[in-house]
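Trainee: my questions concern the predicted model and sequence given below.
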Amino acid sequence: MLTVVFGVLVTANGAGYRYGVSDQAFYIPAIDLAQDPSLFPRDRVLLTPQARLTVLDEALAWLGSVSGLSLEWLFFLGYLLTAALFVTGVALIGRRLYRSQWSTVALLMALTLRHRIARTGVNTYESAFHPRVLTFAIGLVAVGLYLHGRRGLSVILALLACVVHPTTGAWFVVWLTMAAAIEAWPSRVGRRVVGGAVALGVVAAVAVIASGALAERLAVIDAPWLAAFESRDYLFPLDDWKVGTWLTHLLPALVILAVLHWRRRLGLTTPHEHAAVLGSLALVLGFLASVPLIDARIALAVQLQTSRVFWQLELLATAYVVWAIVESPWVPVAAARRGPILAALLAATSVARGYYIVRVEHDNRLVTVHLPASDWQRMGAWIASNTAPQAHLLADPEHVWSAGGSLRVIARRDVLLEGVKDAAIAIYSRDSALRVAERRHAIGDFNALTEARAATLADTYALDYLLTEQSLQLPLVHAEGRLKLYRLSPRS
């Protein structure tokens with residue numbers, strides 16, 4: 001029941017569950033490509049550099065083939081699994097940190113208040129299936145297991161989480177391996193194990209670097225590469241973070257340290273908790289160590305987006321704040337009453353906020369498993385059914401946001417440029433970045449596109465169709481409302 005309540009409230013606070021949005025503009029085409037290698041003959045050079053970092057696309061493609069389920073239903077089931085694992089992880093953590101179940105309920109209600117982690121490009125939850133959130137949920141289960149003394153299992157689970165989303169999983173690996181090292185260090189055998197593990201890690205890192213496998217990752221991001229994603233200013237803390245942003249991110253670490261000290265004085269901590277909390281602070285040190293490398297524009301440092309570690313730290317700090325409010329001895333109200341009161345207040349806040357976001361701010365349904373019916377969706381479906389798999393489309397580069405969804409998702413065809421998503425992918429590959437910048441310049445002002453300019457682009461990039469709302473003197477293939485699909489190449 002608690003999982004259902006959490007799932008409903010966190011979904012409402014994220015404007016409702018949707019399919020085909022945000023980063024799914026990358027994940028869905030990657031899965032389609034894994035299912036049907038004939039798709040995306042041109043765009044696979046853009047999709048491959050990031051897709052090869054995870055096996056999730058191949059796994060979901062296999063599940064779809066075996067089960068016969070559509071991607072819409074696979075993603076919705078993945079979203080439900082994420083919520084269940086998230087609640088499981090929080091419950092495991094709460095069972096070790098708290099004496100009252102109401103504290104765990106209050107923590108879950110606090111976590112339904114989905115928001116962006118300041119200047120990081122990551123939200124505390126996504127109202128769509130996202131591998132990053134699934135990995136975070138798995139990581140919470142791993143942390144919960146660690147607090148219960150299952151150190152080996154927790155580290156193994158964190159390592160497995162890297163298969164789903166490498167960077168998010170990596171932060172849990174750092175957290176829990178540091179915790180295990182801290183807990184093992186007091187014994188002579190533990191020190192030998194930790195020393196051996198560190199030596200092995202150094203040797204492995206040197207071997208990887210010497211092999212040249214990270215050559216592109218260790219390159220400096222030059223001006224042409226940077227130009228493709230310069231709008232993502234949150235990637236460079238020294239350039240763009242204000243003093244308030246720095247204080248916002250460092251505050252959770254201070255809260256964690258203060259409450260840990262408080263709990264130790266009260267005799268409430270265990271060696272597992274002490275090690276886990278100190279291990280989490282290694283994430284802060286890792287971020288601070290990465291800042292000079294990010295400022296130097298070292299590709300790997302930028303691509304890791306180390307500022308996202310504040311997601312983990314904010315959650316742990318929230319868990320400690322809930323303890324301080326509900327169970328600490330200094331509050332005059334009896335602890336048995338504080339838990340239900342705080343849980344009720346947070347639940348009421350979440351209900352009101354969620355209702356406003358879904359119904360007033362966005363006027364959405366709470367759950368939309370399939371793509372919503374629209375002229376854009378119908379046009380994409382027509383293209384998917386009536387054009388060759390190798391067809392190449394030209395559309396407004398900003399159509400992902402302005403028109404209601406990615407053409408690569410809806411039409412399953414190569415698209416010359418999807419501005420926002422292609423720019424995000426460009427972070428991981430200089431070749432992709434140059435491709436994005438060059439095509440953005442070539443298209444120019446899409447709304448001012450003329451027949452002559454369209455013909456030039458068609459000759460340059462072997463385009464087959466143009467999708468626009470403009471009325472042009474070109475062969476009309478299909479229309480949906482104000483949308484018009486024109487033929488650009490006789491071979492199509």
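Mentor: Received, thanks. Please read these numbers as outputs of a predicted model, since none were measured by experiment.

Trainee: now for the nearest residue in space to A403 that is not next to it in sequence: which residues touch it?
Mentor: Distances taken as C-beta to C-beta, 6 or more residues apart in numbering put W376 closest to A403, at 4.8 Å, once the chain neighbours are dropped. In short, each C-beta sits where N, CA and C put it, glycine included. By C-beta atoms under 8 Å, 6 or more residues apart in numbering, W376 lies in contact with 399, 403-405, 410, 480, 483.

Trainee: give me phi/psi at W376?
Mentor: W376 has phi and psi values of phi -60, psi -40 when expressed as degrees, to the nearest 10.

Trainee: swap in S100?
Mentor: The phi/psi pair for S100 (degrees, to the nearest 10) is phi -110, psi 140.

Trainee: skip the chain neighbours and tell me the closest residue to it.
Mentor: That would be G339: by C-beta to C-beta, 6+ apart, it lies 4.9 Å from S100.

Trainee: pLDDT score for that neighbour?
Mentor: At G339, the predicted lDDT confidence score is 92.

Trainee: quick check, R95 in contact with T104.
Mentor: Yes: counting by C-beta atoms under 8 Å, T104 is a contact partner of R95 at 7.1 Å.

Trainee: the two: which is more packed in?
Mentor: T104 (24 against 15; other C-beta atoms under 10 Å).

Trainee: ok, longest helix in the chain?
Mentor: For the chain, the helix with the greatest residue count under DSSP state H is helix 71-97.

Trainee: what's whichever helix or strand comes after that helix packed up against?
Mentor: Sequence-wise, the next helix or strand downstream of helix 71-97 (DSSP states H and E) is helix 101-111. Judged by 3 or more C-beta pairs under 8 Å, 6 or more residues apart in numbering; DSSP states H and E, the packing partners of helix 101-111 are helix 2-12, helix 71-97, helix 309-326, helix 335-355.

Trainee: in the stretch 101-250 of the chain, which spans are helices?
Mentor: 101-111, 131-147, 151-164, 166-184, 188-211, 223-227, 237-240, 243-265 (DSSP state H, counting those that start in this stretch).

Trainee: least reliable of those by average pLDDT, please.
Mentor: Mean pLDDT, when computed for each of the helices of the stretch 101-250 of the chain, is lowest for helix 188-211, at a mean of 71.

Trainee: how many other residues sit next to the closest residue to F287 other than its chain neighbours?
Mentor: For F287, ignoring the flanking residues on the chain, the nearest one in space by C-beta to C-beta, 6+ apart is T306 at 4.6 Å. Counted with other C-beta under 10 Å, residues neighbouring T306 total 25.

Trainee: would you check that T306 makes contact with S290?
Mentor: Yes: applying C-beta under 8 Å, one finds T306 in contact with S290, separated by 4.3 Å.

Trainee: where does pLDDT dip in the stretch 351-492 of the chain?
Mentor: For the stretch 351-492 of the chain, the stretches flagged by pLDDT under 70 are 491-492.

Trainee: my read is that Q390 contacts A462, right?
Mentor: No: judged on C-beta under 8 Å, Q390 makes no contact with A462 at a distance of 9.5 Å.

Trainee: and the helices in the stretch 301-450 of the chain?
Mentor: Using DSSP H, counting those that start in this stretch, helices in the stretch 301-450 of the chain cover 309-326, 335-355, 375-386, 399-402, 407-410, 419-425, 430-443.

Trainee: okay, the ones you listed, which one's buried deepest?
Mentor: helix 407-410 (a mean of 26; mean count of other C-beta atoms under 10 Å).

Trainee: which residues does R42 contact?
Mentor: Contacts of R42 by C-beta under 8 Å, 6+ apart are 392, 414.

Trainee: would you list the phi and psi of it?
Mentor: Residue torsions, per degrees, to the nearest 10, at R42 are phi -100, psi -40.

Trainee: gap between it and A388?
Mentor: Distance, R42 to A388, using C-beta to C-beta, to the nearest Å: 13 Å.

Trainee: now do F129
Mentor: 30 Å.

Trainee: nearest to L283, of the helices of the stretch 101-250 of the chain?
Mentor: With C-beta to C-beta, the closest approach to L283 among the helices of the stretch 101-250 of the chain belongs to helix 166-184: 6.0 Å.

Trainee: just the contacts of W376 now: which is nearest A15?
Mentor: For the contacts of W376, the nearest to A15 is G404 (14.1 Å; C-beta to C-beta).

Trainee: run through the residues that contact the closest one.
Mentor: G404 neighbours (C-beta under 8 Å, 6+ apart): 372, 374, 376-377.

Trainee: off-centre distance for the longest helix of the chain?
Mentor: How far helix 71-97 lies from its chain's middle: 15 Å, per C-alpha atoms, centre = their mean, to the nearest Å.

Trainee: and what of stretch 98-113?
Mentor: 24 Å.

Trainee: give the buried residues for it.
Mentor: 98, 100, 102-113 (16 or more other C-beta atoms under 10 Å).

Trainee: check which helix or strand covers L485.
Mentor: With DSSP H and E as the test, L485 turns up in strand 483-487.

Trainee: between that strand and helix 375-386, how many degrees?
Mentor: 30 degrees (axes from the mean of the first three to the mean of the last three C-alpha atoms, to 10 degrees).

Trainee: what helices and strands are in contact with strand 483-487?
Mentor: helix 375-386, strand 465-468, strand 476-480.

Trainee: quick one on the thing from earlier: higher neighbour count, F129 and A388?
Mentor: Between F129 and A388, counting by other C-beta under 10 Å, F129 is the more crowded of the two (25 against 11).

Trainee: pretty sure that one contacts V21?
Mentor: No: checked against C-beta under 8 Å, the pair F129 and V21 is beyond contact range at 10.0 Å.

Trainee: got the contact list for R96?
Mentor: Counting by C-beta under 8 Å, 6+ apart, R96 touches 144, 147-148, 270, 272-273.

Trainee: got a markdown table for the residues you listed, with neighbour count and distance to V193 too?
Mentor: As requested, these are exported to a markdown table (neighbours: other C-beta atoms under 10 Å; distance: C-beta to C-beta, whole Å):
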| residue | neighbour count | distance to V193 |
| --- | --- | --- |
| G144 | 23 | 24 |
| L147 | 23 | 21 |
| H148 | 16 | 21 |
| T270 | 14 | 21 |
| H272 | 20 | 17 |
| E273 | 19 | 21 |
